[in-house]
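# with the input below, show me the fold.
(chains A and B)
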Protein chains: 2
Amino acid sequence: MSPSQNSATPRLLAVDWGTTALRGALLDGAGRVLEERSFEQGILLVAEGGFATVFDSCFGDWGRAGAQRCLVSGMAGSKQGWLEAPYCPCPADFAAVAGALVAVNAERLALPVAIVPGLSCVHGDHSAGGVPDVMRGEETQVFGAMQLAGVRDGVFVLPGTHCKWVTVRDAAITGFTTYMSGEFFALLRGHSLLAKSINANAPFDDAAFAAGITRSRSGGGLLHNAFGARTLSLFAHMDAAALNSYLSGLVIGEELRAQANAMPDSVILIGATVLAQAYQLALEQYGVGSRVFGAEATWAGLHALANTPDNV
Amino acid sequence: MSPSQNSATPRLLAVDWGTTALRGALLDGAGRVLEERSFEQGILLVAEGGFATVFDSCFGDWGRAGAQRCLVSGMAGSKQGWLEAPYCPCPADFAAVAGALVAVNAERLALPVAIVPGLSCVHGDHSAGGVPDVMRGEETQVFGAMQLAGVRDGVFVLPGTHCKWVTVRDAAITGFTTYMSGEFFALLRGHSLLAKSINANAPFDDAAFAAGITRSRSGGGLLHNAFGARTLSLFAHMDAAALNSYLSGLVIGEELRAQANAMPDSVILIGATVLAQAYQLALEQYGVGSRVFGAEATWAGLHALANTPDNV
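Here you go, the predicted structure:
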């Protein structure tokens, strides 16, 4: 270990810059979090050409206080972001991603900044074009969770607006599948016929959620089952509070049903506590076990990427 | 045939009063359409207590000119409508619906008006409550199409915001399934991540629609396949115009996939021309034939209901 990796010293500025949020952590040489910050400064709120300024105002002091390098994962590497970092095609291992970091050239930055590329894969018949799939940010979380869990193989599930099911073989991401579950839920709850039947502020209801998962397994499909959420309300069989969790169960259950043919014995879940707990409940109905990691997976992934020369 | 059924004389005022539209036809004693009208006066635009006034302003002259009776089908019979007509439970034949008409009491009306009730059925385990399904207006269209097609058995498909698949056995509606296909399409096209990738005004594209149907059969599910519409655009594999029909194919294809285990050799489609033609294309991929009826099915259904005493 070089002197600069002394665990008392700030070393890496780890940043997760997504569509709606900007989060950063100051890590020491051992990857421990010294300080964390978050801002409502997702890339959609940053004016063109304004990324360096926002970055400096949020994290510049950390650079001037001793962090030697910054890695940024997430949508900051998209066309609409700070600097486009082309997708790495799957299968992609740790070295492939670490070797494809894209350096940001900006004079005013207090320290060197690089963007972590996302990954792409293709579903269906590749020779006929197939249908691409993409992620930005989740690859870093998966690499971090691999480190934290000490595994080189497995299925990683990252719930959210666009949930990812990621397959890892021999420490490489071999492929993944995106489900727009979070976005469908938000559309149905906020903008569909169901909106006026649902109390969107209701606390999570385990039983109603489980009933939604059960219903999703009937084979009727979400296009049909979502209408059932409306009729259950119409006939006063379910109240507005329970309907919130029931609909969530219908949507997440639909995702699990699509995955059912490729369901492993256990998965690693990476995500916020409440949502991860909902997925745990849902997976239990399929007899699938799970371990959960949160934001620490991102920091662990960025730490590992920053230390690649030492790791190889 | 009674004198009042003379085919030269206006006899029945047939009205289809839906959520967003109000349509009426003046029929002679043989059920022939003498005149048609439509208004953008769906029930959502009518103030409470204002239905009789709107009705009179739209159709009062037809009543005063000799129509002897008016039947109204559609959402006018819902809680939010003119007068609530309780759902008839399935199985429901023609006589059951004709016997459950609900008369409107309103002094100012130029002729007697009655509301046609909708139907309900239950999916899943009835003893455990099950999940209800409902329709209002489609039952009249199905009864009408049965008359026009001269059939007493079959599967009737009514595309739209909430598409209905209706099973008829021995001239009774034995059950039906609702799919929120039209609403999902509108939500995805107008309010999701996909909105900015799609040209919603593009003309129907047969090949792109068929590609969407094909993709839907892969088993990945709409939550996943809808994201593929985004990535096909991202990688410039499909343009904004084609994407409109591709997404339509994904959604309608998802509906057909859910129905695939109960797919008949042929169906009767009831709906507007463009949408019915899209469904015909989709059904062809499943080897299912179809015949199409339009608005005339509603008028035929209301005519038949109005003439029940003569028919029995």
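# in chain A, which spans are helices?
Per DSSP state H, chain A carries helices over the ranges A:51-64, A:94-98, A:138-149, A:181-191, A:206-216, A:222-234, A:240-259, A:273-285, A:296-306, A:308-311.
# ok, the third one near chain B or not?
What that stands for is helix A:138-149. No - Helix A:138-149 does not reach chain B (CB under 8 Å from any CB of the partner chain); its nearest approach is 13.1 Å. No exception for glycine: its C-beta is placed from N, CA and C like everyone else's.
# one step back: out of the helices of chain A, nearest to B:C70?
Closest to B:C70 of the helices of chain A, according to CB to CB: helix A:222-234, at 26.7 Å.
# report the inter-axis angle for the closest one versus helix B:240-259.
Interaxial angle, helix A:222-234 versus helix B:240-259 (axes from the mean of the first three to the mean of the last three CA atoms, to 10 degrees): 70 degrees.
# quick one: helix A:222-234 to helix A:181-191, angle?
Angle of helix A:222-234 versus helix A:181-191, following the same axes, to 10 degrees, is 40 degrees.
# how about residues contacting helix A:222-234?
The contact list for helix A:222-234 (CB atoms under 8 Å, 6 or more residues apart in numbering or on different chains) reads A:184, A:188, A:192-194, A:197-198, A:215-216, A:218, A:220, A:238-240, A:243, A:246-247, A:250-251, A:254, B:123, B:131-134, B:162, B:177-181, B:184, B:222-223, B:251, B:254-255, B:258.
# just the buried subset of these, please.
Using 16 or more other CB atoms under 10 Å in any protein chain shown as the burial test, the contacts of helix A:222-234 include A:184, A:188, A:192-194, A:197-198, A:215-216, A:218, A:220, A:238-239, A:243, A:246-247, A:250-251, A:254, B:123, B:131-134, B:162, B:177-181, B:184, B:222-223, B:251, B:254-255, B:258 as buried.
# rewinding a little: can you say which of the helices of chain A is nearest to B:A47?
Nearest to B:A47, of all the helices of chain A, is helix A:222-234, at 22.5 Å by CB to CB.
# sorry, back to before: reformat the helices of chain A as TSV; add distance to B:A103 and mean pLDDT.
Listed next are those as TSV, based on distance: least, CB to CB, whole Å; pLDDT from 0 to 100:
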stretch	distance to B:A103	mean pLDDT
helix A:51-64	67	93
helix A:94-98	72	94
helix A:138-149	61	97
helix A:181-191	37	97
helix A:206-216	38	96
helix A:222-234	24	96
helix A:240-259	34	97
helix A:273-285	49	96
helix A:296-306	66	96
helix A:308-311	80	52
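# in TSV, list those along with distance to B:G77.
Output for those, formatted as TSV (distance: least, CB to CB, whole Å):
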stretch	distance to B:G77
helix A:51-64	56
helix A:94-98	60
helix A:138-149	49
helix A:181-191	26
helix A:206-216	28
helix A:222-234	13
helix A:240-259	24
helix A:273-285	38
helix A:296-306	54
helix A:308-311	68
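# quick check: which of those is nearest to A:R108?
Nearest to A:R108, of all these, is helix A:51-64, at 5.9 Å by CB to CB.
# what is the closest one packed up against?
On a contact count with 3 or more CB pairs under 8 Å, 6 or more residues apart in numbering or on different chains; DSSP states H and E, helix A:51-64 meets strand A:10-17, strand A:22-28, strand A:33-39.
# who in the stretch 1-150 of chain A is up against chain B?
For the stretch 1-150 of chain A, the residues in contact with chain B (CB under 8 Å from any CB) are A:123-124, A:129, A:131-134.
# switch the cut-off to 10 Å
Residues of the stretch 1-150 of chain A that fall close to chain B, judged by CB under 10 Å from any CB of the partner chain: A:19, A:78-79, A:87, A:120, A:122-125, A:129-134.
# what's the closest non-adjacent residue to A:A186?
Spatially, and ignoring its direct neighbours in sequence, A:A186 is nearest to A:T161 (7.6 Å; CB to CB, 6 or more residues apart in numbering or on different chains).
# these two touch, right, that neighbour and A:G42?
No - applying CB atoms under 10 Å as the test, A:T161 and A:G42 come out as separate, 11.8 Å apart.
# which neighbours do the two share?
A:18-20 (CB atoms under 10 Å, 6 or more residues apart in numbering or on different chains).
# out of the helices of chain A, flag the one nearest B:P203.
Using CB to CB, those put helix A:222-234 closest to B:P203, at 24.8 Å.
# centre of the chain versus that closest one, how much separation?
Chain-centre distance of helix A:222-234: 29 Å, with CA atoms, centre = their mean, to the nearest Å.
# what's the neighbour count on the nearest residue to A:Q280 once chain neighbours are set aside?
Once flanking residues are discounted, A:Q280 sits nearest to A:S290: 5.2 Å by CB to CB, 6+ apart. Other residues near A:S290 number 18, with proximity taken as other CB atoms under 10 Å in any protein chain shown.
# wouldn't A:S290 be in contact with A:I268 here?
Yes - using CB under 10 Å, A:S290 is in contact with A:I268, at 6.9 Å.
# so what's the residue nearest to A:Q280 bridging to?
Beta-bridge pairing for A:S290 (DSSP bridges): A:V267.
# for A:W62, see how far away A:F94 is.
Per CB to CB, to the nearest Å, A:F94 is found 25 Å from A:W62.
# nope, A:Q147 is what I was after
Plainly put, A:Q147 is 23 Å away from A:W62 if you go by CB to CB.
# neighbour count winner among these two?
Set side by side, A:Q147 and A:W62 show more neighbours around A:W62, with 22 against 17, by other CB under 10 Å.
# contacts only, for that one.
Counting by CB under 10 Å, 6+ apart, A:W62 makes contact with A:10, A:12-13, A:15, A:24-26, A:34-35, A:37, A:70, A:110-111.
# filter those down to the buried ones.
Neighbour counting with 16+ other CB under 10 Å marks A:10, A:12-13, A:15, A:24-26, A:34, A:70, A:110-111 as buried within the contacts of A:W62.
# A:A272: neighbour count?
Other residues within reach of A:A272, judged by other CB under 10 Å, total 12.
# any figure for the gap between the closest residue to it other than its chain neighbours and A:I268?
Leaving aside its chain neighbours, A:A272 sits nearest to A:G294 (6.8 Å; criterion: CB to CB, 6+ apart). Applying CB to CB, the value for A:G294 to A:I268 is 12 Å.
# for A:D28, same thing?
For A:D28, the distance to A:I268 equals 25 Å [CB to CB].
# please apply the same query to A:T214.
For A:T214 relative to A:I268 (CB to CB), the value is 25 Å.
# the two: who's more crowded?
The neighbour comparison of A:T214 against A:I268 (other CB under 10 Å) goes to A:I268, with 22 against 14.
# pairing partners for the closest residue in space to that one that isn't next to it in sequence in the sheet, please.
Nearest non-adjacent residue to A:I268, counting by CB to CB, 6+ apart: A:F156, 4.9 Å away. Listed by DSSP bridges, the beta-bridge partners for A:F156 are A:V166, A:I268.
# what is the neighbour count of A:F156?
By other CB under 10 Å, neighbour count at A:F156 equals 25.
# how about the contacts made by it?
Counting by CB under 10 Å, 6+ apart, A:F156 makes contact with A:138, A:141-143, A:145-146, A:149, A:164-168, A:173, A:176, A:267-270, A:293, A:297.
# repeat that with 8 Å
So A:F156 contacts A:141-142, A:145, A:164-166, A:168, A:267-270 (CB under 8 Å, 6+ apart).
# that one and A:V104: what is the separation?
From A:F156 to A:V104 the distance is 28 Å (CB to CB).
# repeat for A:D56
In this view, A:D56 and A:V104 are 12 Å apart by CB to CB.
# these two: which is more packed in?
More crowded of A:D56 and A:V104, by other CB under 10 Å: A:V104, with 19 against 16.
# thinking again about what came up before, can you verify my assumption that the residue nearest to A:A186 contacts A:M180?
Yes - with contact defined as CB atoms under 8 Å, A:T161 reaches A:M180; the gap is 7.5 Å.
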